[in-house]
Each structure stands twice: as structure tokens, then as C-alpha cells.
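A.B. asks: here is a sequence with its predicted model. Questions after.
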Amino acid sequence: MKKFSVRRLLNRQNIDFGRGTVADLAEKTGIHPNTAGKYFNGIDLQAVHLDVLTRICDYLVQEFRIDVPLPGALFYDDSVWNVLKDLDVTFFMGANRFSGESPEHEGRISRHDHRAQSLLAAHLAGLNAFRTDANEEFVSYLHHGEKDEVLPNEDDKTSAENLYRRYFAPDRKLKGNIIVASQKANLITELFVADCYDAAAFTPTGEPKVPFYLVPRDTDGQFISCFGGANPPNVIERSHAPGIHYPRGRLWNNSIEWIEDHQDAGVVLLRHFPAADVLDVAIFGFSGIGTYLVAKDFVDNGDAYWGFHEGGSGPQIGLYLCEIALADLTVRKRMRLRGDGERESAERVALTS
């Protein structure tokens, strides 16, 4: 969808503007303050009036010496990849280190996670062909000791928390983060999900704050999380079934189950700060192959994941759960959920050979 935004143009021109910019725009153009705010923050193309557009262009040239083509630079495609391609994007991966390995050991990133990140990075590079700077990548580590050890350990958590504070600071501008893999492999995922839903990271929950919960397989080992683990809250009715569980209203009786060789589940979680042009995305599956297939669908059908259920003055949150057909290696259903877990929309995806 085509949109119009003064703020977006000023951000991309690295022009500092204060809170009084909207009032100044209204005063010097004669536009009503409410109208000025809408044009400043972003409106649909169909709502733009030629007279207002002309006044805004004159204002930008006089006040900010804008030297890019106007009004064209004020319009943009409002879609997930169009937003990401203009940002400095950092990838966050998760790696495993095992008992006996030296601290210098680079650890092991799942091959499926590697494939997912490579696919996402290649698509972004194709959109950013005119840019010479490479996107950064950082890795958080999980140290595996004894078989029944509960993960992560305190050093792992501290390291991940320091990384998260550095790259997910609230005062960012024109930044994007893409997190690959679930909390079973990537501690940044745990911190991000907890941050989105005001939950306590690495803390088992009695009354879930996050509107989805990952019930692991017996072979997944023990891990502590605010949205997953081997001891699900009592409210989850089918807590014995591996997969991703979610509520409808107050009842946690919905799930996308993991069925070996048949079905997998995936999550795409977006957090968008429109005023700062910041977008964070977490992409993960219940299993490694699920992570790769959801990443592939995100590349192929990005617009299907561009919708939000929370906003106002804070960040916009978009949560999507995916049902994956392993026989076809395809996402066959996407569901967008609200903060209370209530399904907002569902799209059944035609399977392709």
C-alpha cells in the first residue's frame, strides 16, 4: 500500500526534528494541527489532498532545505521488506557449545538456522544492491553440560542480556534487527519476546503474559523460558502435545502441534516503532526445518506478515503463527493473533508442488 509521511523523509535525510515540528508545520502552512499530524506521521495515498501536499513541499524546502525530488520522496510502499531495506539491519543467531569445548570455540549454529539466515540476508542484499555496507551478525551462546542440566546458565544469560541492551535500545533510529531460531537455540529470542509482552525473561510463568507457549519434545532437553518449557502452566489444556499452544480468550485450548515428518509450527513476531523507523523481527519454528520454512515464506510472502494488533503511542506488535506441512515443505496456514491470543485473521495458503 502506498503511504505518505513527512517524518519518514526527515529520518532518511538524517535531519533532526523536535516535538514541535508538527506544530510548526501547521502554523507555517495554515494546515489544521490534526491534519498536519496525520501527514507528518503517515497517511494512505488516497487521503492526500493536492493543496495540502503543495504547502508541505514548500515548507520542507524552506525550513529544511530538502534537495531530493518532491513530492515523490514523501511517498513509499508500506510493506515489511520495503521498510527493512532502508534500515541498518543486524542478524542475531544462536549457537551451542558443549562440555569440554574451549571458550574460544565458535559453537555450532544449526544448519537449518544457517540456511534461514542466508536466505533472509540474500533477499535483503538483493533489495539493497545500491548499498556497499554489509549487515552485521551476532551470536548468543548456550553452553550444554550434563544431560539433564537446565539451560541457560547464568553466564549465558548475562552475555545475551548485555548484547540485547546494546542493540535493542529504545533510542535507536533507522535500525532493524532480525532474530533467527527459537529460545531453545537463541537467547535473544527469549529476551525479545519477553520485552514485547512485558514478561520476565528466563522465568517460568503461572499465568502466561505471552499469548503463545512452546511445549517441547522429550528430546529437546530442559530449558527455562517465559513462553515455553517442559512444565507448562496449568491453563494449557493439551500440555502433553509438543508444538505451539495459544489461547482463544481465556481458554488455552488451541495449538499447532508438531507431528514428526508431517507437521511443524512457526512464529513471526514483529515490533515496529514507526516514529523512529525501527523494526525488529523474530522468525522461528518449533524445529530447525520449521525455522527455515517460515523464513522462506517470509521472503516469498512478506506482505502477508505486515499487520499489527497493538500500537498507540508505543510500538506496534504483529504476531503470526504458522502451520507447516512437512510433506510439502510449505507454510499452509498463517494466523495473526491479538495480544490476548484471539485470532484476528487466518489465511489458508494454497500448497504448491
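C.D. replies: Looks like it arrived, so ask away. Numbering: from 1, shown residues only.
A.B. asks: okay, strands next: where are they in the stretch 1-150 of the chain?
C.D. replies: Ranges of strands within the stretch 1-150 of the chain are 2-4, 43-44, 75-77, 88-98, 136-144, 150-151, based on DSSP state E, counting those that start in this stretch.
A.B. asks: for the stretch 151-300 of the chain, same thing?
C.D. replies: 175-180, 213-215, 222-223, 243-248, 251-257, 263-273, 278-285.
A.B. asks: point to the residue nearest the middle of this protein.
C.D. replies: Centroid-nearest residue in the chain: residue 281, 1.8 Å away (criterion: Cα atoms, centre = their mean).
A.B. asks: follow-up on the earlier one: how about the strands of the stretch 1-150 of the chain in CSV, adding distance to residue 176?
C.D. replies: For every residue, glycine as well, the C-beta is placed using N, CA and C. CSV is the format used below for the strands of the stretch 1-150 of the chain (distance: least, Cβ to Cβ, whole Å):
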stretch, distance to residue 176
strand 2-4, 18
strand 43-44, 23
strand 75-77, 15
strand 88-98, 4
strand 136-144, 11
strand 150-151, 28
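A.B. asks: so for residue 285, which of those sits nearest?
C.D. replies: When the strands of the stretch 1-150 of the chain are compared by Cβ to Cβ, strand 88-98 sits nearest residue 285, at 13.1 Å.
A.B. asks: so which elements touch the closest one?
C.D. replies: Here strand 88-98 touches helix 111-127, strand 136-144, helix 154-167, strand 175-180, helix 187-196, going by 3 or more Cβ pairs under 8 Å, 6 or more residues apart in numbering; DSSP states H and E.
A.B. asks: flag every buried residue along it.
C.D. replies: In terms of neighbour count (16 or more other Cβ atoms under 10 Å), strand 88-98 has its buried residues at 89-97.
A.B. asks: nearest to residue 161, of those?
C.D. replies: Within those, proximity to residue 161 (Cβ to Cβ) peaks at residue 92, which comes in at 13.0 Å.
A.B. asks: correct me if wrong: that closest one contacts residue 120.
C.D. replies: No - between residue 92 and residue 120 there is no contact under Cβ atoms under 8 Å: 11.6 Å.
A.B. asks: next, show the common contact partners of the two.
C.D. replies: Listed as contacting both residue 92 and residue 120 by Cβ atoms under 8 Å, 6 or more residues apart in numbering are 178, 180.
A.B. asks: for residue 136, state which of the buried residues of strand 88-98 is nearest.
C.D. replies: residue 90 (4.6 Å).
A.B. asks: what residues are up against that closest one?
C.D. replies: 135-138, 167, 175-178.
A.B. asks: ok so, going back, with respect to residue 185, which of the strands of the stretch 1-150 of the chain lies nearest?
C.D. replies: The closest of the strands of the stretch 1-150 of the chain to residue 185 is strand 88-98. By Cβ to Cβ, the value is 4.0 Å.
A.B. asks: how far off centre is that closest one?
C.D. replies: Centroid separation for strand 88-98 versus its chain: 15 Å, with Cα atoms, centre = their mean, to the nearest Å.
A.B. asks: a helix runs through residue 331, doesn't it?
C.D. replies: No - in this structure, residue 331 is strand, not part of a helix, as judged by DSSP: H, G, I helix; E, B strand; the rest coil.
A.B. asks: got the contact list for the residue nearest to it when sequence neighbours are not counted?
C.D. replies: Nearest non-adjacent residue to residue 331, counting by Cβ to Cβ, 6 or more residues apart in numbering: residue 297, 4.1 Å away. Each residue near residue 297 by Cβ under 8 Å, 6+ apart is listed here: 304, 322, 330-331, 334, 349.
A.B. asks: could you rerun that using 10 Å?
C.D. replies: Going by Cβ atoms under 10 Å, 6 or more residues apart in numbering, residue 297 touches 266, 268, 283, 304-305, 320, 322, 324, 330-332, 334, 349.
A.B. asks: tell me the one of those residues nearest residue 251?
C.D. replies: Nearest member of those to residue 251, counting by Cβ to Cβ, is residue 320, at 20.7 Å.
A.B. asks: next one: residue 22 from residue 33, what distance?
C.D. replies: Note on residue 22: its distance to residue 33, by Cβ to Cβ, to the nearest Å, is 7 Å.
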